[in-house]
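Visitor: structure here, sequence nowhere to be found:
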């Protein structure tokens, strides 16, 4: 309801005070938690989500007040979102629709429109964008809690999973500044959760959610739509839906494939598919990332090269273990250079330990739910492969890893709580 009111206000141009909009945005995850969380967990989950949002708002206020110039210098995307978003909002106020691809060669305009909508409703306010991200991060933590609930984890494990998703250091930071990572993470977790629900009694709602998340991701981060398609395919095979509900499975698969084709036939999708199979173009794509936090999905021009045929894709697949290792290991504190590497120092030791815990947790989860374990594991591996192949900048890798942390929070919680209980049970 709150979201619908804000969308309508943005469409018709109704002005609402920024403080009111911020309160509404922050109320969305809390209201959702009250509805979907089991009664015995409502209080701790609501408290967790409230604390997660409060921390992000505090960090955002500090950064924007005292480190504004440094933030916009290091994360140039923040300046683009704020500047271009304001331009789009101004165009809307004058009854003009600004085509970002035609005017600025931006092929994934989703987050620019989010900022523009907030600007149109409440006026230009950077803290309002932070409030939006804080709400999105809290929704993501709630979705992780629901994912843990669907996979059969107990109360303590579910709350632990939500806590990992809410308070991982890098995840906290990306939800505290005007960047799109919190929204992307929430959409990916929602898609995986909905994919697992395709075999349940509300499969129609799940398919609608998958459609919405896939379309939204196609405007934010093109290749993330591949993770959605992969999750759906794994569920259809793992749950044997192709055998128990063949017509439904065929319809779902056809629909998702159409959504995937729609995402990839656009300029950014074609550039990505062409470039990733051509060593020269892939090197140029990685060079774009190594030069800053912006990449092809932020509107950079990357014209398709001549390509090297199927051999380029085969060569890429053969190097998959190397790319996955890059995703898992970089940046290495004290070894890797870069302006953003110091931000990773508090998290990398925890991330390395978390990877070990996640692997163990996936084994434990396999014993409970084969399909859920496989969906999470395969999705994260696909994420690691693509991110490792495309992103050569270790600093950018910190950002791109956020959705993986959110998904792996479930097996991490399963492993950590299980080990603690086992240790306590020893005489």
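Guide: In hand now; what should we look at? Every value quoted in this text rests on a predicted model; they were computed, and no experiment measured them.
Visitor: got phi/psi on the residue nearest the centre of the chain?
Guide: Closest residue to the average C-alpha location of the chain: residue 185 at 1.8 Å, with C-alpha atoms, centre = their mean. Dihedral pair for residue 185: phi -60, psi -40, per degrees, to the nearest 10.
Visitor: could you check the pLDDT of the closest residue in space to it that isn't next to it in sequence?
Guide: In space, and not counting its chain neighbours, residue 185 is closest to residue 403: 4.5 Å by C-beta to C-beta, 6 or more residues apart in numbering. All C-beta atoms are positioned from the backbone trio N, CA, C, and that covers glycine. For residue 403, the pLDDT comes out at 93.
Visitor: I figured residue 203 was touching residue 248, is that so?
Guide: Yes - in this structure, residue 203 is within contact of residue 248 by C-beta atoms under 8 Å, at 7.1 Å.
Visitor: what about residue 123, how many neighbours?
Guide: Residues lying near residue 123 (other C-beta atoms under 10 Å) number 15.
Visitor: contact partners for it?
Guide: For residue 123, the contacting residues are 15, 18, by C-beta atoms under 8 Å, 6 or more residues apart in numbering.
Visitor: start at 20 instead
Guide: With the count now opening at 20, the last piece we talked about shows up as residue 142.
Visitor: quick one: it from residue 37, how far?
Guide: 6 Å (C-beta to C-beta, to the nearest Å).
Visitor: now swap in residue 149 and tell me
Guide: 11 Å.
Visitor: next one: residue 78
Guide: 19 Å.
Visitor: likewise for residue 236?
Guide: 28 Å.
Visitor: ok, those two, which is more surrounded?
Guide: Using other C-beta under 10 Å, the more surrounded residue of residue 236 and residue 37 is residue 236, with 26 against 17.
Visitor: which residue sits closest to the more buried one, ignoring its sequence neighbours?
Guide: residue 243 (4.4 Å).
Visitor: before we move on, what about residue 391?
Guide: The nearest residue in space to residue 391 (C-beta to C-beta, 6+ apart) is residue 170, at 4.4 Å.
Visitor: dump the residue contacts of the one you found.
Guide: 215, 384, 387, 388, 391, 429.
Visitor: identify the farthest-apart pair in those.
Guide: Maximum pairwise distance among those (C-beta to C-beta): 12.7 Å, between 215 and 387.
Visitor: the two - which one has more neighbours?
Guide: residue 215 (25 against 12).
Visitor: I'd assumed residue 168 was in contact with that one.
Guide: No - applying C-beta under 8 Å, one finds residue 215 not in contact with residue 168, separated by 10.9 Å.
Visitor: SS state for the nearest residue to residue 174 once chain neighbours are set aside?
Guide: Once flanking residues are discounted, residue 174 sits nearest to residue 60: 5.9 Å by C-beta to C-beta, 6+ apart. At residue 60 the chain is in helix, as set by DSSP: H, G, I helix; E, B strand; the rest coil.
Visitor: burial count for residue 60?
Guide: Neighbours of residue 60 (other C-beta under 10 Å): 18.
Visitor: hang on, it packs against residue 175?
Guide: No - Residue 60 is beyond contact range of residue 175, at 9.9 Å (criterion: C-beta under 8 Å).
Visitor: tell me which strands and helices the helix or strand where residue 96 lies is in contact with?
Guide: Residue 96 belongs to helix 95-112 when assigned by DSSP states H and E. Counting contacts by 3 or more C-beta pairs under 8 Å, 6 or more residues apart in numbering; DSSP states H and E, helix 95-112 packs against helix 87-93, helix 119-123, helix 129-141, helix 145-169.
Visitor: got TSV for these, with mean neighbour count and mean pLDDT too?
Guide: Converted to TSV, those look like this (neighbours: other C-beta atoms under 10 Å; pLDDT from 0 to 100):
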stretch	mean neighbour count	mean pLDDT
helix 87-93	14	84
helix 119-123	13	80
helix 129-141	23	92
helix 145-169	26	96
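Visitor: can I get these in TSV with distance to residue 200?
Guide: Below are the helices and strands packed on helix 95-112 laid out as TSV (distance: least, C-beta to C-beta, whole Å):
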stretch	distance to residue 200
helix 87-93	14
helix 119-123	20
helix 129-141	10
helix 145-169	8
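Visitor: and those helices: which comes nearest residue 355?
Guide: Here helix 87-93 is closest among these (C-beta to C-beta), at 16.1 Å.
Visitor: how far does the closest one sit from the chain's center?
Guide: 23 Å (C-alpha atoms, centre = their mean, to the nearest Å).
Visitor: for stretch 113-130, same thing?
Guide: 22 Å.
Visitor: for the strand or helix carrying residue 333, give the mean pLDDT please.
Guide: Counting by DSSP H and E, the element that carries residue 333 is helix 329-337. Averaging pLDDT along helix 329-337 gives 71.
Visitor: which is the next helix or strand following it?
Guide: helix 339-348.
Visitor: by contact count, what packs against that next one?
Guide: Using 3+ C-beta pairs under 8 Å, 6+ apart: helix 339-348 touches helix 389-409.
Visitor: now with 10 Å, please.
Guide: Judged by 3 or more C-beta pairs under 10 Å, 6 or more residues apart in numbering; DSSP states H and E, the packing partners of helix 339-348 are helix 367-387, helix 389-409, helix 413-419.
Visitor: what does the next helix or strand after that helix contact?
Guide: Moving toward the C-terminus from helix 339-348, the next helix or strand (DSSP H and E) is helix 360-363. Identification of contacts with helix 360-363 by C-beta atoms under 10 Å, 6 or more residues apart in numbering yields 93, 188-189, 192-193, 349-355, 357, 367, 370, 413-414, 416-418, 420.
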